[in-house]
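Asker: Fold the following and give me the result.
(chains A and B)
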Amino acid sequence: GESVGLHLPTLSVQEGDNSIINCAYSNSASDYFIWYKQESGKGPQFIIDIRSNMDKRQGQRVTVLLNKTVKHLSLQIAATQPGDSAVYFCAEIEGYSTLTFGKGTMLLVSP
Amino acid sequence: DTEVTQTPKHLVMGMTNKKSLKCEQHMGHRAMYWYKQKAKKPPELMFVYSYEKLSINESVPSRFSPECPNSSLLNLHLHALQPEDSALYLCASSQDRDIYEQYFGPGTRLTVT
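Answerer: As a prediction, this is how the structure comes out:
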């Protein structure tokens, strides 16, 4: 289930389940969105991106959904594996400005 | 080579010390970035270099001084830091400032005592 810890929301799933990580973004003018994965002791790693003229994009085992009406972004991970355990950040960008990262969600996958 | 490297991995420094963080990429990227990340928080942008010129300084205190000696290297010079500056310092690069996919290094874990 999902819980909000002291600082970081946490999603706990079983191996093999599908995971859905949500992100509410703030800028209605943002036109590009990225999901990053950050494992412990490492820098963020690009997972998938989506432009604002799309509402869905699929990668390998991952799907990003964008709902501009409610300014909501989600990352779906199919058949979650222990190696997917990490903190996931959404990031938004408007025009030629800089990336703004969301708060992050910790995904914990148990065997 | 799709790697951004950072040295050192860990750094402990006193408030009167001067030290430097180094970042290197050999992907031919022309934009490079410094971010600061506190525990369980998202990265916060500090500086952006585009074509070796500083293009963004996000109101960072002058005790942090960036330098881009060439297109592959980015340094962050540290002087008279405060304990609250303790954080993970991440370097990133992208093909261009207009290309948003940024490649991040592993970071330098800085502790100021």
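
Asker: Point out the residues in chain B that sit beside chain A.
Answerer: B:4, B:39-45, B:48, B:56, B:90, B:92, B:97-98, B:100-107 (C-beta under 8 Å from any C-beta of the partner chain). Heads up, the C-betas are built off the backbone N, CA and C, glycines and all.

Asker: one more time with 7 Å
Answerer: With C-beta under 7 Å from any C-beta of the partner chain as the criterion, chain B comes near chain A at residues B:40, B:42-43, B:45, B:48, B:56, B:90, B:98, B:100-102, B:104-107.

Asker: what sits up against stretch B:68-83?
Answerer: Defining contact as C-beta atoms under 7 Å, 6 or more residues apart in numbering or on different chains, one finds that stretch B:68-83 is touched by B:13, B:15-16, B:18-26, B:30, B:32, B:34, B:49, B:52, B:63-67, B:89, B:91, B:112.

Asker: quick one on the thing from earlier: find the pair from the residues of chain B next to chain A with maximum spatial separation.
Answerer: The largest separation in the residues of chain B next to chain A, counting by C-beta to C-beta, is between B:40 and B:98 at 31.1 Å.

Asker: Those two - which one has more neighbours?
Answerer: residue B:40 (13 against 10; other C-beta atoms under 10 Å in any protein chain shown).

Asker: The more buried one contacts residue A:8, correct?
Answerer: Yes. Between residue B:40 and residue A:8 there is a contact at 4.6 Å, judged by C-beta atoms under 7 Å.

Asker: Sketch out the low-pLDDT regions of chain A for me.
Answerer: A:1-7, A:96 (pLDDT under 70).

Asker: switch to 90 and redo it
Answerer: Applying pLDDT under 90 to chain A flags residues A:1-8, A:26-29, A:31, A:41, A:93-100, A:111.

Asker: Would you state the strands of it in chain order?
Answerer: Secondary structure of chain A (DSSP state E): strands located at A:2-4, A:9-14, A:19-24, A:32-38, A:45-51, A:56-58, A:62-67, A:72-77, A:86-93, A:100-101, A:105-110.

Asker: Strand partners (parallel or antiparallel) of the fourth one?
Answerer: So that's strand A:32-38. Using DSSP bridges, strand A:32-38 pairs in its sheet with strand A:45-51 (antiparallel), strand A:86-93 (antiparallel).

Asker: Residue B:19 and residue B:12 touch, don't they?
Answerer: No. With contact defined as C-beta under 7 Å, residue B:19 does not reach residue B:12; the gap is 9.5 Å.

Asker: higher neighbour count, the two?
Answerer: Neighbour totals were compared for residue B:19 and residue B:12, and residue B:19 leads with 17 against 13 (other C-beta under 10 Å).

Asker: Does anything pack onto the helix or strand containing that one? Which helices or strands?
Answerer: For residue B:19, the element it lies in under DSSP states H and E is strand B:18-25. On a contact count with 3 or more C-beta pairs under 7 Å, 6 or more residues apart in numbering or on different chains; DSSP states H and E, strand B:18-25 meets strand B:4-7, strand B:73-79, strand B:87-94.

Asker: Can you check which of the ones you listed gets nearest to residue A:27?
Answerer: So among the helices and strands packed on strand B:18-25, strand B:87-94 is nearest, using C-beta to C-beta, at 19.9 Å.

Asker: Tell me the strands beside that closest one, with direction?
Answerer: strand B:31-37 (antiparallel), strand B:103-104 (antiparallel), strand B:108-112 (antiparallel).

Asker: Now do that strand against strand B:73-79, angle only.
Answerer: 160 degrees (axes from the mean of the first three to the mean of the last three C-alpha atoms, to 10 degrees).
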